[in-house]
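Enquirer: below: sequence and its predicted model.
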Amino acid sequence: MLASSHHCHLSQAVASVLRKLPTLPSLLILCILIELPIETQGTAVSRRSPLSPSSSLSSSAERHLRINKLSVPESVENGTKKFVILDCDYDVNERVDKKLVIKWFFNDDPVPIYQWIPELNIRTTSPKFTDRIDLSYSVPGGSPLTKYRAVKLLKPTISDSGRYSCHVASLFSQDSQEKSMHVYAPIVWTRKPTDVETTEGMDISIGCKAEGDPSPQIFWKRLTGSSSMNPPLVSSEVLRIKNIRREDAGIYSCVAWNGNGPQLEVNIRVSVKATTPQPHQLKPRGNSAQVAKATTLSNVLSMILLFVFLYTPHL
């Protein structure tokens with residue numbers, strides 16, 4: 001009797017609520033009162049009645065509602081795309097899961113960037129993505145419960161790099177998936193190296209610099225000739241060769257890459273001339289004392305000859 005009295009009071013309470021809310025579908029309210037789970041100490045507990053006729057339908061929906069594939073471009077070059085499509089392909093039981101809500105989130109922002117409620121035909125975007133999402137886009141061949149599932153993001157920029165997650169939920173089930181998209185800036189040279197001509201034995205430094213997003217790695221490599229570079233591959237913006245030799249001459253390449261798109265590469269020629277030998281001064285033979293004695297004798301003889309020439313009567 002106690003159980004019967006309890007069910008009687010519950011039925012009277014439900015009937016009272018239904019009478020006070022005539023504008024809402026009675027079946028929907030009844031489903032909400034019976035089906036929605038309650039969080040109890042971290043465990044989801046169902047309010048579903050053992051006699052509820054929707055129990056088998058709910059079980060079928062739980063098995064059926066799932067995301068098959070989340071399509072998000074892995075990398076996009078900044079300024080090259082008019083739009084990108086983020087698609088969330090899911091299976092849904094159209095007989096049961098008519099109370100669908102589809103939401104897209106960006107990074108850890110709790111506000112969805114895009115939301116679609118098929119039953120109410122409502123599509124909204126967050127303030128941050130106003131005029132960035134084309135609300136008129138529909139998936140080709142989509143059904144009434146899937147055609148507006150995707151996001152058409154206009155003119156993606158570097159600030160759009162991040163994690164995108166799709167959440168699909170009904171009264172009975174839900175599923176979500178997440179993928180990342182990176183919008184990168186192409187690499188451009190800010191300092192390009194040029195050909196170098198030097199002399200054997202000199203030290204040389206050749207600079208090379210580029211920028212992009214993410215920042216590129218710069219490294220040098222030797223293309224021709226036998227190399228004295230140690231190591232042969234140098235991860236640095238500056239190539240330095242000390243006490244350069246003629247065998248160091250050849251073609252060198254500076255390479256920039258940030259993991260996106262093609263590498264940027266420029267080749268230069270390093271020419272090394274041989275050192276010009278200095279002319280050797282002639283040295284007199286013998287030691288210094290002998291040289292000094294010979295020089296004095298030569299000077300004396302020259303003076304005698306000059307005296308004879310000056311004071312001898314000329315015939």
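Expert: Cool, got the structure. Numbering: from 1, shown residues only.
Enquirer: scan this structure for its longest strand.
Expert: strand 174-191 (DSSP state E).
Enquirer: does that one pack against any helices or strands, and if so which?
Expert: strand 66-71, strand 75-77, strand 83-91, strand 162-169, strand 209-213, strand 250-257, strand 264-273 (3 or more C-beta pairs under 8 Å, 6 or more residues apart in numbering; DSSP states H and E). Bear in mind the C-beta positions are built from the backbone N, C-alpha and C, glycine included.
Enquirer: buried ones in it?
Expert: With burial defined by 16 or more other C-beta atoms under 10 Å, the residues of strand 174-191 counted as buried are 175, 177, 181-187.
Enquirer: mind picking the lowest-pLDDT entry from those?
Expert: Of all those, Pro186 carries the smallest pLDDT score, 87.
Enquirer: now that one: how far from Ser235?
Expert: 21 Å (C-beta to C-beta, to the nearest Å).
Enquirer: then Leu264?
Expert: Taken as C-beta to C-beta, the span from Leu264 to Ser235 is 15 Å.
Enquirer: with neighbour numbers in mind, choose between those two.
Expert: Leu264 (19 against 10; other C-beta atoms under 10 Å).
Enquirer: hey, what's the more buried one bridged with?
Expert: Ala256 (DSSP bridges).
Enquirer: residue contacts, it?
Expert: 187-189, 210, 216, 255-257 (C-beta atoms under 8 Å, 6 or more residues apart in numbering).
Enquirer: list phi and psi for Ser159.
Expert: phi -70, psi -10 (degrees, to the nearest 10).
Enquirer: so what's it closest to, chain neighbours aside?
Expert: Distances taken as C-beta to C-beta, 6 or more residues apart in numbering place Val183 nearest to Ser159, at 7.8 Å, with adjacent residues excluded.
Enquirer: go ahead and confirm that neighbour touches Ile158.
Expert: Yes - counting by C-beta atoms under 8 Å, Val183 touches Ile158, with 5.1 Å between them.
Enquirer: what is in contact with the two at once?
Expert: With C-beta under 8 Å, 6+ apart, Val183 and Ile158 have common neighbours Asn78.
Enquirer: list the contacts of the closest residue to Glu265 other than its chain neighbours.
Expert: Setting aside the residues directly before and after it, Glu265 is nearest to Val255 in space (C-beta to C-beta, 6+ apart), at 4.9 Å. With contacts defined as C-beta under 8 Å, 6+ apart, the neighbours of Val255 are 218-221, 263-265.
Enquirer: kindly report the same for Asn258.
Expert: Here Asn258 is in contact with 184, 187, 212-217 (C-beta under 8 Å, 6+ apart).
Enquirer: give me that answer again for 6 Å
Expert: By C-beta atoms under 6 Å, 6 or more residues apart in numbering, the contact set of Asn258 is 212, 214, 216.
Enquirer: try Ala256
Expert: Here Ala256 is in contact with 187, 210, 216, 218, 264 (C-beta under 6 Å, 6+ apart).
Enquirer: touching, the first one and Gly212? I think so.
Expert: Yes - contact between Ile187 and Gly212 holds when scored by C-beta atoms under 6 Å: they sit 3.9 Å apart.
Enquirer: all helices for this protein, in order.
Expert: Here the chain has its helices, by DSSP state H, at 2-20, 26-35, 55-64, 288-311.
Enquirer: where among the ones you listed is the average confidence lowest?
Expert: helix 26-35 (a mean of 35).
Enquirer: not counting its neighbours along the chain, what's nearest Ala132?
Expert: Just so we're on the same page, residue 132 is Arg rather than Ala. Nearest to Arg132 is Leu154, by C-beta to C-beta, 6+ apart, at 5.5 Å.
Enquirer: okay, now the one you found: neighbour count?
Expert: By other C-beta under 10 Å, neighbour count at Leu154 equals 15.
Enquirer: my read is that it contacts Phe83, right?
Expert: Yes - contact criterion C-beta under 6 Å: Leu154 and Phe83 qualify, at 5.0 Å.
Enquirer: per-residue pLDDT, Val270?
Expert: pLDDT, read off for Val270, is 94.
Enquirer: ah, wrong one, I meant Glu39
Expert: 31.
Enquirer: now Asp213
Expert: The predicted local confidence for Asp213 is 86.
Enquirer: any idea how many residues pack against the closest residue in space to Asp195 that isn't next to it in sequence?
Expert: Residue nearest to Asp195 in three dimensions, not counting chain neighbours: Arg269, with 4.7 Å by C-beta to C-beta, 6+ apart. Using other C-beta under 10 Å, Arg269 has 14 neighbouring residues.
Enquirer: does Arg269 touch Val196 like I think?
Expert: No - Arg269 is beyond contact range of Val196, at 7.6 Å (criterion: C-beta under 6 Å).
Enquirer: ends of stretch 139-149, how far apart?
Expert: 7 Å (C-alpha to C-alpha, to the nearest Å).
Enquirer: what does that stretch rub up against?
Expert: 88, 92, 94, 100, 102, 116, 118, 123, 138, 150.
Enquirer: quick one: the third one from Leu100, how far?
Expert: In this view, Glu94 and Leu100 are 10 Å apart by C-beta to C-beta.
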